[in-house]
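Chemist: I would like the atomic coordinates for the input below:
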Amino acid sequence: MPAAYTKLIGLGHLAISFAAKMGVEVVVFSTSKDKEQEARGFGASEFVLLSEPETIKAPVDVLILAGSRYPDWEKFLDTKVLARNGTLVPLCAPTHGPLSLP
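Modeler: This is a model prediction of the structure:
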């Protein structure tokens with residue numbers, strides 16, 4: 001088994017891997033800079049900290065939520081981060097509250 005797969009693989013890892021293999025340019029948002037190398041190993045072409053979504057190179061068309069918490073919607077629902085007519089796909093159910101958009 002390849003070294004990248006010796007660790008437990010989560011839903012986010014699978015989403016990155018599938019999307020990258022389908023030819024999609026994958027942007028990973030994470031809480032920790034320490035996860036960048038791992039995200040790129042699964043196929044991410046860009047890595048952005050959740051606290052700094054405005055540093056993204058171009059808006060994303062589809063935002064798949066696979067983490068354990070929702071992002072700061074005030075920052076993410078900006079057209080610089082999520083493209084106009086962008087799609088949200090919540091695959092997670094964080095325990096800190098319901099999905100509530102401003």
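
Chemist: where exactly do the helices run in this structure?
Modeler: With DSSP state H as the criterion, the chain has helices at 11-21, 36-42, 73-76.

Chemist: Select from those the stretch with the lowest mean pLDDT.
Modeler: Of all the helices of the chain, the minimum mean pLDDT falls on helix 73-76 (a mean of 88).

Chemist: who's in contact with it?
Modeler: Residues from elsewhere that reach helix 73-76, judged by CB atoms under 8 Å, 6 or more residues apart in numbering: Pro53, Glu54, Leu63, Val81, Leu82, Ser100, Leu101, Pro102. Just so you know, the C-beta spots here come from the backbone N, C-alpha and C atoms, and that holds for glycine as well.

Chemist: Make TSV out of those residues and add distance to Ile9.
Modeler: TSV is the format used below for the contacts of helix 73-76 (distance: CB to CB, whole Å):
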residue	distance to Ile9
Pro53	25
Glu54	30
Leu63	21
Val81	26
Leu82	26
Ser100	29
Leu101	29
Pro102	33
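
Chemist: Now for the chain, the helix or strand with the poorest mean pLDDT.
Modeler: Least confident helix or strand, the chain: helix 73-76 with a mean of 88, by mean pLDDT, DSSP states H and E.

Chemist: can you dump the C-alpha coordinates of that one into CSV?
Modeler: Extracted in CSV, the C-alpha atoms of helix 73-76 (Å, rounded to 0.1, in the frame of the first residue of the first chain):
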residue,chain,number,x,y,z
TRP,A,73,-19.9,32.1,6.4
GLU,A,74,-19.4,35.8,6.4
LYS,A,75,-16.0,35.2,4.7
PHE,A,76,-16.9,32.2,2.6
